Each structure stands twice: as structure tokens, then as C-alpha cells.
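**Q** Take this sequence and fold it.
(2 chains)
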There are 2 protein chains.
Amino acid sequence: MASRTPSPTADRAERTTAPDRGAAGERPRRRLSVDERREQLIAVALELFSRRPPEEVSIDDIAAAAGASRPLVYHYFPGKQALYEASLRRAGRELSARFDEPMEGPLSERLYRVMGRYLDFVQSHGPGFAALLRGGSVAASAGTSAVIDEVRRAAHDQILSHLAVPAPSPGLRLTVRAWIANAEITSLEWLAERSVPVEELQLHLVQEFVASLTLTAAREPALAAELASFFADERPDGPTGRLVQDLAGLFAVPGILDAVTALAAGPQTVGPVDEAAAQATEGTVGAPAE
Amino acid sequence: MASRTPSPTADRAERTTAPDRGAAGERPRRRLSVDERREQLIAVALELFSRRPPEEVSIDDIAAAAGASRPLVYHYFPGKQALYEASLRRAGRELSARFDEPMEGPLSERLYRVMGRYLDFVQSHGPGFAALLRGGSVAASAGTSAVIDEVRRAAHDQILSHLAVPAPSPGLRLTVRAWIANAEITSLEWLAERSVPVEELQLHLVQEFVASLTLTAAREPALAAELASFFADERPDGPTGRLVQDLAGLFAVPGILDAVTALAAGPQTVGPVDEAAAQATEGTVGAPAE
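**A** Residues are numbered from 1 along each chain as shown, chains lettered A, B, ... in the order given. Predicted structure coming up:
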């Protein structure tokens, strides 16, 4: 993608289609082919659209940054919206490529690596596309929605393929999609304020996934066996291990273990089946045992 | 906003500017004041925009449904976009009002009641506004974004006020915002497929919140005391109690308790501190113990 961006024949097109305007930007770049020039314009547009919202980027800005004339840009793209959508498609492909991860090692560590690459992407392209992703962009269109949906679908499919659950339930699919939305929004919110270090966000998002997966398995007995093998593959110093240790640490906080134990005992039935549990659940002292 | 916008002579305008068209819908409705007529048009528009995307609703549809003439509608609103935004603002106010909940009882049960009202709203208004919320609407604008952001902020503020944490950390705020996004996307996804019963979704979203809160507290020791009082107030048959029971049930699944126990033991130091834990962590059988 970054290979051979610059510009061979481009300037020839520039000279022929726009002799008067094109002269200013003229350089010895004749070798750009039509495809190469197109790709170069998209790359330049992506760079600009990644940093600023679309309403703050003009065709003139793109032409100037590409060392091309305004008519040349129009020769390739009917207008700014088309260039915007083309650069968004390029961004979508770049992002989807970052989801690729070998099927090796503990699952949470794979996801942690993917999230590192994702957060790099967010930092380099997020500022310009944030409004689009959050639903407030003037450049939103059926075309932009399609690109965004495709990236979300790629993320969803990648996660399910790593989970390797034979027949993912609707509940599991919903969990995965909800987590993707969570990651998207959390990273955009984070981008605006950067209130925590990026590594903390990276770990946090992975741990949220592990928690959501666990919750889903708690509701769906068919998933429990998958969860067992998931935990068995995890390592103590990985994201899941650290999550478990942090949660275990919570139980040392006065009151939490007692409260959770009482909740785990379940609602009281008519007769107290287990006297100790009953007392803990009621939270009363000296309640008559029967 | 609802207070006296233009048009004292509205119904007169209807009769005078469009005698032929207006006649069909004419009814003994002259008593509608300017404000009432405006509110009525917004209510009718909201009804239509809640069921269909904006591109499938015309000013004529709205006029017909309101028993008004097309010129009358234009007398109150410059165009469809303005009516769309007014109806979205109305929807936003209605939704925000549903977040109000007395500060009484276990927190997860309060949130459960709010989510019940929220999911009712999603079912009645979601189909039309889904594209807007997901970033793919042709009617998206700075005005619509402002309304959506305001509703999200109202949700965020309500949750924090119920949590009653004296000085919410950036991490806690991020957790709350991420959960709101999760609830939003999950409910819209659910609306498209309804792959699980609505009550399951309602419970699931609340439990996701409890899990996120717990995860945040696990990372932020300052929150742990708040978490202890949160758990202490919960009831065994509430959403948190059921979550704890489901998770406890998971530990009965072969392998899960062992794997989690090994993770909880933490990374191995140079010499095996605890031989059993070390073997479990390594996942090897018969590995030399020292």
C-alpha cells in the first residue's frame, strides 16, 4: 500500500488536461500511471481526512498535498465526497488487515496484540473519522456506512474464528458485536481525552472481552466447555491471568467476599435448607433458624 | 423550544394559501393554538420517523397523517430536515425522562427497571432512528448529533448519580460511557434480529454493567469500598444475585475452577512456591517439581 505511491506520468495528465493551472505544481514526475496516480491521490486524501473532519479538507488542499492540480484531482474523482469515500475504503482495508492474527497462543494475548495494532490505527486515523463513526459527520452516506459495516463484520468474523466455537449462538454473536461497539466507542472517547495511558485501555478492552465471554457462558451452558478450554490455555501473566488476580484481590476488600457469598447462596426458600447460608443471605444476626 | 414558535395565523394560512389541497383534510380543528398545532405536527412526525427512515417519509405523508395541508406544514417548519430534528429532540426528551428512577433499592434493580423502559422506547422508536444512531443516516447533521450526545450525557449523569461515587475517576466515567454505547448498539442489533427474548436482553445489559463496574473496581482500589457497599445492597433474586449464581455455576464445570485457580496464583517466580499451583499453571504432567 505504501509501496510506490509517488508519481510518474501524473504530471503529463496534469499538463494536458489543465495546462494553465497545472503549471505551478509541475515536477519531474511523468512516470505515474493512471492507477498509481489514483492511488497516490487516495493516499494523500486519507492522510488529510485522518487528521481533520471532511468539512475542513478541500479539493485544493488535497491537490496541493499531492503536488497536483485541482483539475487533475477532478479528472480522477467527481468530487470531494468520492475521494472521501475512497480514502475511507482504503482506511477500512488497512484496519481490517490489522485484525489478522496467527491462531497461536492464549486467546487473550492474541486479542491483546490485535488491540495494540487497532489502537495505533485509532491514533493515526481516528481524529478525522471520529465524527463519522459516532454518527455526526456531514459526509455520512450509504457508501460510508457500507465500509464501516464491513470493517465491523471483519472484526466479528475474526473473533469468532479465533474462538473456534463450532456453532456460535445468537447470544454469543451479540456479545461479540456489542464488545466491538464497546471497543469502538471507548477508543474514540479515549482519543478525545486520553484520560488513561493507551496500554491501560488496551488491557482493559481485552479484559472486558474476557468478562463478556464469561458472562455469556454463564447464561449458555453449551458454551461452558469452550470457556474451560479458553481458561486452561491462558497464562498467569497474560490479560486473563491479570484480570483473575485483580478480581481475587477484590475479595480481600472488607465486605465484598461476604456479600458475594450471600448472593451466591441464592434466594431463600420456605424452609432454610442451609442455615449458615440463610443467615449470611438475610444478613441478620440471630434470626430464628426455623 | 416548544414555546410559541412562529405563526399566529397558521390555520388561516391553511385555508387561504391552499384552499384546494387543504379542503380534503379540513376538519373542525380550528381550535388548535399555534403551539398546539406545532406540537401536533411534531408528534405526528415522530410517529412516522419512528417507523421508517427519513428518506421514506415525505412532508405529504406528515401532512396527511396530521390532517393538515402541505403549506401548513411548511408554515411551521422550513422543511423535512427541520421536522425530523424537532421530532428527534422530542424523542430525546422522552427517552431521557425514562432514565429517571428513585434513588431506592439495590442499584442493579434500579438499572433493570430503567432498562425495561429504555427497551420499550427502542421497540417503539428504534426502527426509524436506527440508521441515525448507527451513523448511516442521510439525515445526520450537527443538530441530530447534538440531540444524541445530550441523551447519552443524560444517561451517563443519571448512572453516576445513582452510583453516588464522590469523585468519579476518568476510568469509571469511561466505563459508564462504554456501557451506554454497548447498551445502545446491543439493543439496535437486537432490534434487527430479535434473536433473544427482550427480558433476556434487559437482564444481560444490567449484568454487563455490574461486570464492568466490578472490573473497573478491580483496577482502581479507590472504588473497591464503593463496590463492597454496592454488593451488600444487592439481593439474591436481583440481577446481580443471579449473575453471581450463574458464575458460581460455571465453577462446577470441569476444568474451569482449576484453570482459574492456577491463574489466580499469579506468574511463577524462580522457585516453585506452590508445587500444585505450579503444575497446574504449566499445564504439564509430571514436570520436574524443582
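
**Q** can you tell me if the strand or helix carrying residue A:123 touches chain B.
**A** Element membership of residue A:123 [criterion: DSSP states H and E] is helix A:107-133. Yes: against chain B, helix A:107-133 shows contacts by Cβ under 8 Å from any Cβ of the partner chain at A:131, A:132, A:133. Bear in mind the C-beta positions are built from the backbone N, C-alpha and C, glycine included.

**Q** can I assume the last one is in contact with residue A:151?
**A** No: counting by Cβ atoms under 8 Å, no contact exists between residue A:133 and residue A:151, whose distance comes to 9.8 Å.

**Q** Quick check, pLDDT for the residue most central in space within chain A.
**A** Geometric centre of chain A, nearest residue: residue A:184, 4.7 Å, by Cα atoms, centre = their mean. For residue A:184, the model assigns a pLDDT of 89.

**Q** Same question for residue A:11.
**A** Residue A:11 carries a pLDDT value of 41.

**Q** Can you give me every residue that contacts residue A:250?
**A** With contact set as Cβ atoms under 8 Å, 6 or more residues apart in numbering or on different chains, residue A:250 has these partners: A:256, B:214, B:217, B:218, B:224, B:227.

**Q** Was I right to think residue A:137 contacts residue A:54?
**A** Yes: between residue A:137 and residue A:54 a contact is recorded at 6.7 Å, counting by Cβ under 8 Å.

**Q** What is the three-state secondary structure of residue A:75?
**A** Assigned state for residue A:75: helix (three-state reduction, DSSP: H, G, I helix; E, B strand; the rest coil).

**Q** Can you give me the neighbour number for it?
**A** As a burial measure, residue A:75 scores 19 neighbours (other Cβ atoms under 10 Å in any protein chain shown).

**Q** now swap in residue A:34 and tell me
**A** 12.

**Q** which residues of the stretch 151-290 of chain A score low on pLDDT?
**A** Counting by pLDDT under 70, the stretch 151-290 of chain A has low-confidence residues at A:269-290.

**Q** Would you state the helices of the stretch 101-250 of chain A in chain order?
**A** Assigned by DSSP state H, counting those that start in this stretch, the stretch 101-250 of chain A shows helices spanning A:107-133, A:142-163, A:170-193, A:198-219, A:221-233, A:239-250.

**Q** Nearest to residue B:58, out of those helices?
**A** Of all the helices of the stretch 101-250 of chain A, helix A:142-163 sits nearest to residue B:58, with 19.1 Å by Cβ to Cβ.

**Q** What is the closest one packed up against?
**A** On a contact count with 3 or more Cβ pairs under 8 Å, 6 or more residues apart in numbering or on different chains; DSSP states H and E, helix A:142-163 meets helix A:80-98, helix A:107-133, helix A:170-193.

**Q** and the angle for that helix with helix A:107-133?
**A** In terms of direction (axes from the mean of the first three to the mean of the last three Cα atoms, to 10 degrees), helix A:142-163 departs from helix A:107-133 by 170 degrees.

**Q** Now do the contacts for residue A:196.
**A** Contacts of residue A:196 by Cβ under 8 Å, 6+ apart are A:190, A:204, B:170, B:171, B:174.
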